[in-house]
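# fold the following for me, if possible:
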Amino acid sequence: MQLEDGAPVYVISVAAELSGLHPQTLRQYDRLGLVSPGRAAGRGRRYSARDIAALREVQRLTADGVNLAGVKRILELELQVDALRSRVQELQQELDGALSSAEVRARQAAYEATRASRRDLVPFARETAALVVWRPEPR
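I've put the predicted structure just below:
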């Protein structure tokens with residue numbers, strides 16, 4: 001059985017080992033709202049694979065000299081960018097669907113117009129039994 005990235009399964013000691021951080025550091029990050037794990041029934045923290053990746057990102061940023069307030073802002077902005085990317089993708093799909101529908105309607109209208117103009121010529125051609133050449137009016 002494959003677990004989702006967001007499934008809260010790791011206790012704090014395992015998460016600390018996987019992230020390379022001290023458990024007390026993980027508790028501090030939770031208090032600051034940097035990485036907020038899920039909670040078990042007994043209120044114990046349960047970290048997901050996504051939380052572990054976020055902890056590693058926090059560790060990388062702080063090692064590069066970014067303070068915790070800056071890290072929090074960076075993480076918030078990354079979440080916002082991800083949400084905006086998802087919304088742009090949704091709107092692009094909507095637009096593609098709308099353009100396709102409009103294109104189909106335009107082609108159907110052109111076909112009907114052509115068909116109607118040909119329908120008008122058929123009775124005339126049968127009555128005269130002559131060759132009819134249809135030329136559009138010059139504009």
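
# which parts of this structure belong to which domain?
The chain breaks down by automatic domain parsing into domains covering 1-66, 67-130.

# among those domains, which comes closest to P138?
domain 67-130 (16.0 Å; C-beta to C-beta). (C-beta placed from N, C-alpha, C; glycine too.)

# ok now that closest one, how far from the chain's centre?
Distance of domain 67-130 from its chain centroid, counting by C-alpha atoms, centre = their mean, to the nearest Å, is 19 Å.

# where does this structure dip in pLDDT?
The chain contains residues with pLDDT under 70 at 1-3, 117-137, 139.

# and the closest residue to A40 other than its chain neighbours, how many neighbours?
Distance criterion C-beta to C-beta, 6 or more residues apart in numbering; nearest residue to A40, sequence neighbours excluded, is R46 at 5.2 Å. Here the number of neighbours of R46 (other C-beta atoms under 10 Å) works out to 17.

# ditto for S19
S19 has 23 neighbouring residues, counting by other C-beta under 10 Å.
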